[in-house]
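Sequence and predicted structure are below.
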Amino acid sequence: MYGANACVSASARTNVAWTRRLFDQGVVERLAVIALGRAAGFSLGEIARMFTPDGKPRIDRRLLAAKAERLDEKIRELTAMREGLRHAALCKAPSHMECPTFRRLLSAASKSALTKRRRPTAKAVAGAGRRPGNPSAAGA
């Protein structure tokens with residue numbers, strides 16, 4: 001899968017009944033960066049751009065900072081949702097619809113679902129500091 005995206009390539013193959021690929025340490029490290037990037041929510045395209053053509057890491061720090069901000073925002077949203085659900089599970093109101101806390105949770109959920117907030121993507125943030133003719137302005 002990653003080989004198709006030019007993120008990694010095998011250095012050799014063993015000659016046994018079933019084919020086994022051998023990878024050098026640099027490839028193993030690239031796979032670790034890929035795994036970390038995927039866990040953080042980066043697309044394979046974004047991850048592929050984190051490497052030079054010869055496979056060395058070149059990670060844009062602004063891209064990382066933008067992704068960290070998005071994760072912080074998501075954590076805040078999920079924390080609020082968790083607390084609302086815990087309250088609803090223990091609420092003594094005869095019906096959830098009579099619980100003011102549950103009603104606020106519903107209101108927040110409907111606003112979130114109905115309002116399409118356009119947020120800058122990590123890719124857009126990373127490219128924001130680049131000037132025409134200066135592709136390396138993003139830094140490492």
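Everything's here; your move.

just checking, what packs against the longest helix along the chain?
Longest helix in the chain by number of residues, with DSSP state H as the criterion: helix 61-90. For helix 61-90, the helices and strands in contact under the criterion 3 or more Cβ pairs under 8 Å, 6 or more residues apart in numbering; DSSP states H and E are helix 100-114, helix 122-128. All C-beta spots, glycine's among them, are computed from the backbone N, C-alpha and C.

where among those is the average confidence lowest?
Summarising mean pLDDT across these, the least confident stretch is helix 122-128, with a mean of 53.

excluding its backbone neighbours, what's nearest R38?
Closest residue to R38 apart from its sequence neighbours, by Cβ to Cβ, 6 or more residues apart in numbering: I47 at 7.1 Å.

Can you report how many residues neighbour R86?
Close neighbours of R86, defined as other Cβ atoms under 10 Å, add up to 10.

before we move on, what about the one 5 residues further on?
Summarising burial for C91: neighbours were counted as other Cβ under 10 Å, giving 15.

Quick one: residues contacting the closest residue to it other than its chain neighbours.
In this structure, C91 finds its nearest non-sequential neighbour in C99, 4.7 Å apart by Cβ to Cβ, 6+ apart. Shown here is C99, whose contacts under the criterion Cβ atoms under 8 Å, 6 or more residues apart in numbering are 87-88, 91, 93.

any idea how far F23 is from E29?
10 Å (Cβ to Cβ, to the nearest Å).

coming back round to it: quick one: work out the angle between the longest helix of the chain and helix 100-114.
140 degrees (axes from the mean of the first three to the mean of the last three Cα atoms, to 10 degrees).
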